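Undergrad: Build the 3D model from these lines:
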Amino acid sequence: MKNRVVHFEIQAEDIERAKKFYGEVFGWEFQGWPMGSVTYWAIVTAPKESSEPGINGGFVQRPCPPPKPEQGTNAFTCTIQVENFDEIAKKIEVAGGKVAMPKFALPGMAWQGYFLDTEGNTFGLHQVDTNAK
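TA: Okay, here's the model as predicted:
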C-alpha cells in the first residue's frame, strides 16, 4: 500500500524524563544519534527481525509549551496496541502519566483509551477484544 506512516516523533521538554517514561511503560529502547550539537534519540519499539506490525520513531525537543489539560491537540495522536489494557494503564500512572480519556469499548472490536505522558503529549492504548461492550 502507498503512503504508509513509517516513523513517528514525540515532542518532549525533558527527553531523559520521556525516555524513562516510555521505557518503563512499554519497554521501548533508545539509540542516540549525534547531530551536530544535539542528539536525536531514536525510539526502537521492536527489534528489526520482529514480525509484529508497527513502526519506530524518535524524540524531538519541544519548540513551545505543550497544550493545557483538556485543550486538545493539534497533531496526530499515536495509539499503541497492547495485550492487557489495564496492566499498561497502571504502569502509565505509576510512571507519571495521566488518564486523558478513560477506557471505553469499541463494541465487538477492542478497548480504547487515551493518556498524557510526562511531557503533556496525548497517546492512545488499544487492546483487541471482540467481546468488548
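Undergrad: the longest strand in the protein is where?
TA: Taking DSSP state E as the criterion, the chain has its longest strand at strand 98-106.
Undergrad: Can I get that one in PDB, CA atoms only?
TA: Only the C-alpha atoms of strand 98-106 are listed here, as PDB (Å, rounded to 0.1, in the frame of the first residue of the first chain):
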ATOM      1  CA  LYS A  98      -2.300  10.700  33.500                       C
ATOM      2  CA  VAL A  99      -5.700   9.500  32.100                       C
ATOM      3  CA  ALA A 100      -6.900  11.800  29.300                       C
ATOM      4  CA  MET A 101     -10.000   9.700  28.300                       C
ATOM      5  CA  PRO A 102     -10.900   6.600  30.400                       C
ATOM      6  CA  LYS A 103     -11.000   3.200  28.900                       C
ATOM      7  CA  PHE A 104     -14.100   2.600  26.700                       C
ATOM      8  CA  ALA A 105     -15.400  -0.200  24.400                       C
ATOM      9  CA  LEU A 106     -15.300  -0.200  20.700                       C
END
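Undergrad: Figure out how far the next helix or strand after it is from the centre of its chain.
TA: Once the chain leaves strand 98-106, the next helix or strand it forms, by DSSP states H and E, is strand 110-116. Here strand 110-116 is found 11 Å from its chain centre; the criterion is C-alpha atoms, centre = their mean, to the nearest Å.
Undergrad: Then stretch 88-107?
TA: Distance, centroid of stretch 88-107 to centroid of chain: 12 Å (C-alpha atoms, centre = their mean).
Undergrad: Make 761 the first number, not 1, from now on.
TA: Understood, numbering begins at 761; the last thing we discussed is stretch 848-867.
Undergrad: Span of it from start to end?
TA: 21 Å (C-alpha to C-alpha, to the nearest Å).
Undergrad: what does stretch 867-882 give?
TA: By C-alpha to C-alpha, the extent of stretch 867-882 from end to end equals 23 Å.
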